[in-house]
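>>> Only the shape, not the letters, is given here:
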Ligand code: NAD
């Protein structure tokens, strides 16, 4: 076995159907009294229903969370938190809402209680992102790691099926890259393999019935494991490409991960055979990149960058940006090969060897 360093992020996880009932006790446990509730406009009703169960403990419901955490929104939420003397942020939603909580925690130091409703995984990472003047700045800071995560699969029953599939594949991407991370370790690899297995196994039952609670639980359990991998080890080419494509061309987060993952895995396959074998095993297939591609296609997710709004004339710039800064990845970053990867992804061609 290779040498490794394993650092666990200190999260408290409360998991299971109706675990939302534990919120009052969890707020109490933190020593908090007045929560600033965060959500998107579309999840206002869901946040209100949760807030209604916390009489006397809510400072305000701030329903302006949007993708990529604009600095103006973060400032507004921070000012409200301070004005209303909120002593914790209760983030109810996906990565965008939890990201807003992190932006508040970074400067105001408020502890975050996260109630995730997608599979993005942000709730168990110390990674934050804030967008200012069109540029998304990301970083790691232990202050933004939510102190408590309440995973209630019932809150994910309403997640639309298209986002269910792409968000689950977004989660699998964290685990897949964790399996070949230069700073990986055996514990995180166990979580990664199990996370991929759980997320993948949930999709067929959810396609049959999006309100299948055991399948929703399985997906959320997988998302927790995959998010834990993202929070613990470094990501490689796939995440770098998605960050570039999402940021520069404003492509939707979970969808861009879904399209790029099979191609990023093919790019790295020969340089990371052990990781590929573990991903394939978790998916129950012979070839990891093809397995992810077929999973997306079978469940109706987009498989081409063109279908999610990528302009063909942006590929050269994307390849340049992805190759510009070398960073740890199983296979070195070669501009010409990256351009070929992006050409394949643009058209949705299968990731053939
Ligand atoms: P999202 O949070 O933007 O949610 C997408 C849409 O789905 C929103 O309109 C939201 O209100 C809606 N939604 C969420 N859950 C729902 C539910 N249960 N029922 C009905 N509607 C629901 O999407 P996301 O993919 O979860 O997060 C993407 C963002 O998170 C990106 O900005 C990404 O960079 C960030 N992210 C950060 C990290 C990190 O570690 N910092 C990790 C993953 C993602």
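Cool, the structure landed. This is a predicted model, so every value here is computed, not measured. Numbers count the residues shown, from 1 in each chain.
>>> Which elements pack onto the longest helix seen in the chain?
Identified as the longest helix of the chain according to DSSP state H is helix 186-208. Helices and strands touching helix 186-208, by 3 or more Cβ pairs under 8 Å, 6 or more residues apart in numbering; DSSP states H and E, are helix 161-179, helix 213-232, helix 273-283. C-betas here are computed from N, CA, C, even on glycine.
>>> Residue 91: what's it in contact with?
Applying Cβ atoms under 8 Å, 6 or more residues apart in numbering, we find residue 91 in contact with 38-39, 65, 97-98, 100-101, 112-115, 123, 146.
>>> Next up, phi/psi of residue 60, please.
Dihedral angles of residue 60 (phi, psi; degrees, to the nearest 10) stand at phi -170, psi 150.
>>> So for this structure, the centremost residue is which one?
residue 120 (2.4 Å; Cα atoms, centre = their mean).
>>> hmm, back to that, so which of the helices and strands packed on helix 186-208 is the most packed in?
helix 161-179 (a mean of 27; mean count of other Cβ atoms under 10 Å).
>>> Please find the angle between the direction vectors of it and helix 213-232.
40 degrees (axes from the mean of the first three to the mean of the last three Cα atoms, to 10 degrees).
>>> Mean confidence (pLDDT) on helix 161-179, please.
Across helix 161-179, the average pLDDT comes to 98.
>>> now check that helix, is it near the ligand?
Yes: contact between helix 161-179 and the ligand, assessed by Cβ under 6 Å from any ligand atom, occurs at 163, 167.
>>> so the residue of the chain positioned farthest from its centre, which of the three states?
Within the chain, the residue lying farthest from the chain centre (Cα atoms, centre = their mean) is residue 56, at 32.0 Å. Here residue 56 is recorded as coil under DSSP: H, G, I helix; E, B strand; the rest coil.
>>> Could you do residue 8 as well?
coil.
>>> sorry, back to before: can you give me the distance of the residue nearest to the centre of the chain to residue 206?
From residue 120 across to residue 206, the span is 17 Å (Cβ to Cβ, to the nearest Å).
>>> residues from the stretch 51-200 of the chain in reach of the ligand?
Residues of the stretch 51-200 of the chain lying near the ligand (Cβ under 6 Å from any ligand atom): 67-68, 93-97, 99, 117-118, 120-122, 125, 127-129, 155-156, 158-159, 163, 167.
>>> Drop anything exposed from those residues.
68, 93-97, 99, 117-118, 120-122, 125, 127-129, 155-156, 159, 163, 167 (16 or more other Cβ atoms under 10 Å).
>>> which residues does the residue nearest to residue 166 when sequence neighbours are not counted contact?
The shortest distance from residue 166 to any non-neighbouring residue, by Cβ to Cβ, 6 or more residues apart in numbering, is to residue 254 (3.8 Å). Residues in contact with residue 254 (Cβ under 8 Å, 6+ apart) are 118, 120, 163, 166, 167, 169, 170.
>>> With distance to residue 19 as extra columns, can I get the residues you listed in a markdown table?
Shown next, in a markdown table, are the contacts of residue 254 (distance: Cβ to Cβ, whole Å):
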| residue | distance to residue 19 |
| --- | --- |
| 118 | 16 |
| 120 | 19 |
| 163 | 22 |
| 166 | 25 |
| 167 | 19 |
| 169 | 25 |
| 170 | 23 |
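>>> Out of those residues, which comes closest to residue 261?
Among these, residue 169 lies closest to residue 261 (Cβ to Cβ), at 6.3 Å.
>>> close enough to count as contact, that closest one and residue 262?
No: counting by Cβ atoms under 8 Å, residue 169 stays clear of residue 262, with 9.4 Å between them.
>>> Mind listing the shared neighbours of the two?
292, 296.
>>> Could you pull out the helices in the stretch 1-150 of the chain for me?
23-29, 44-51, 71-83, 95-108 (DSSP state H, counting those that start in this stretch).
>>> Deepest in the core, which of the ones you listed is it.
helix 95-108 (a mean of 26).
>>> How far off centre is it?
14 Å (Cα atoms, centre = their mean, to the nearest Å).
>>> Stretch 282-297 now?
The answer for stretch 282-297 is 20 Å, by Cα atoms, centre = their mean.
>>> Stretch 166-185 now?
Here the centre of stretch 166-185 is set off from its chain's centre by 10 Å, with Cα atoms, centre = their mean.
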